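Novice: here's a sequence, model it:
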Amino acid sequence: MLIGMLGLDQHEVGAVAVARLLRDAGMEVIYLGRFNLPPGIVKTAGDENGDVIGLSCHSWEYLHYIDELLALLRQQGLSIPVVVGGSVLTAGDERLLRDKGVAATFGPTSSVEDIPAAIRAVVMDARRP
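Specialist: Numbering: from 1, shown residues only. This is a model prediction of the structure:
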């Protein structure tokens, strides 16, 4: 699982907490940190043979970058699912992201107990022929 933030979003406390949560649940986590752009995330995901790209969003910049990220994944022939989580996600944002092709969303009311199982389900769905 790769976890990072897009653009100038500097709110990394949630990303670090989720990275730790997933690591403690037995997942390998590559933390990309702040200030990422779609080309770098897609390159790293391909280079690292990532199973999932997780975007931590605590400002609305992800809405500017998500289309580019998803398009680059398709252009590179990478079928790596993208999940998005963060305090700014509204129900409307979650519907929009799912319509665009985001595999799962985790808004401010998501339970930390449910996140690892949801990520595993996303990976299993992506691996199905």
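
Novice: what's opposite the residue most central in space within the chain in the beta bridge?
Specialist: The residue lying closest to the centre of the chain (CA atoms, centre = their mean) is Gly54, at 1.8 Å. Note on Gly54: beta-bridge partners Ile3, Val83, judged by DSSP bridges.

Novice: I'd say Val84 and Leu55 touch.
Specialist: Yes: at 4.8 Å, Val84 counts as touching Leu55 under the criterion of CB atoms under 8 Å. C-beta here means a position set from N, CA and C on the backbone, and glycine is covered the same way.

Novice: what sits in contact with each of the two?
Specialist: Common neighbours of Val84 and Leu55 are listed as 62, 66 (criterion: CB atoms under 8 Å, 6 or more residues apart in numbering).

Novice: tell me where this protein has strands.
Specialist: For the chain, the strands defined by DSSP state E cover 2-6, 30-36, 53-56, 82-85, 104-106.

Novice: next, count neighbours for the closest residue to Ser110 other than its chain neighbours.
Specialist: Once flanking residues are discounted, Ser110 sits nearest to Gly85: 6.7 Å by CB to CB, 6 or more residues apart in numbering. If you count neighbours by other CB atoms under 10 Å, Gly85 ends up with 23.
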